[in-house]
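*Asks:* generate a structure from the sequence data that follows.
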Amino acid sequence: ALVEVCRRAGGTGRPESAGGGSRPSLIIRASLDTLAGLDGAPAGELEWGGTIPAETVRRMACDSAITRITGLGELEQEITHAARTIPPSTRRALVARDQHCVFPGCDRPPPWCDGHHLVFWGDGGPTKLENLGLVCGSHHRKVHEEGWKLQRGKDGRWIATPPPLRVMPRARTG
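*Replies:* Down below sits the predicted model:
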């Protein structure tokens, strides 16, 4: 009952109002087999981690906007954008590719991450999928404020390089 009250909050109580405002956004990765209801289809994966049963994915898909990404080729065909901000279609492709913060050892989910320009936008780096990586706030600060370098190796693995060690000279005493 509480879920239904929350779902309809602000609405008229009629089904067509569905809460009266914008529907919430939820990103779930699911296979076509799952959406088709085939026996043995895998569970859906929530954007921030965890899974939901295939039956729940199908129920939610009944009244949802579905974006279909059929393979990596689609992810690689993003065009360069003149703007610094990442367009929604590129963000979706970035989330589908990276699935979490790409800093080695970090598994922060996409909602906690920013799209980071590997070659900084201010230095001429394009807003293009191949120049972007998902990084959580903590690791984004490390890159921009602490001098860490983040790059993608030829094998697709992410490499984080710490800044060079700086030795501060000590003042002479006495």
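*Asks:* let me know whether residue 47 touches residue 109 as I believe.
*Replies:* Yes - taking CB atoms under 8 Å as the definition, residue 47 is a contact partner of residue 109 at 6.0 Å. In this view, the C-beta of every residue, glycine as well, is placed from N, C-alpha and C.
*Asks:* Three-state assignment for the nearest residue to residue 135 once chain neighbours are set aside, please.
*Replies:* With sequence-adjacent residues excluded and distances taken as CB to CB, 6 or more residues apart in numbering, residue 135 is closest to residue 116, at 4.5 Å. The three-state label given to residue 116 by DSSP: H, G, I helix; E, B strand; the rest coil is strand.
*Asks:* beta partners of residue 116?
*Replies:* Here residue 116 sits in beta bridges with residue 133, going by DSSP bridges.
*Asks:* what about the nearest residue to residue 153 once chain neighbours are set aside, neighbour count?
*Replies:* Of all residues not flanking residue 153 in the chain, residue 159 sits nearest, at 5.4 Å (CB to CB, 6+ apart). Residues lying near residue 159 (other CB atoms under 10 Å) number 13.
*Asks:* quick one: what helix or strand has residue 159 in it?
*Replies:* Element membership of residue 159, judged by DSSP states H and E, is strand 158-161.
*Asks:* need the contact partners of that strand.
*Replies:* Strand 158-161 has contacts (CB atoms under 8 Å, 6 or more residues apart in numbering) with 102, 103, 104, 133, 139, 142, 148, 149, 150, 151, 152, 153.
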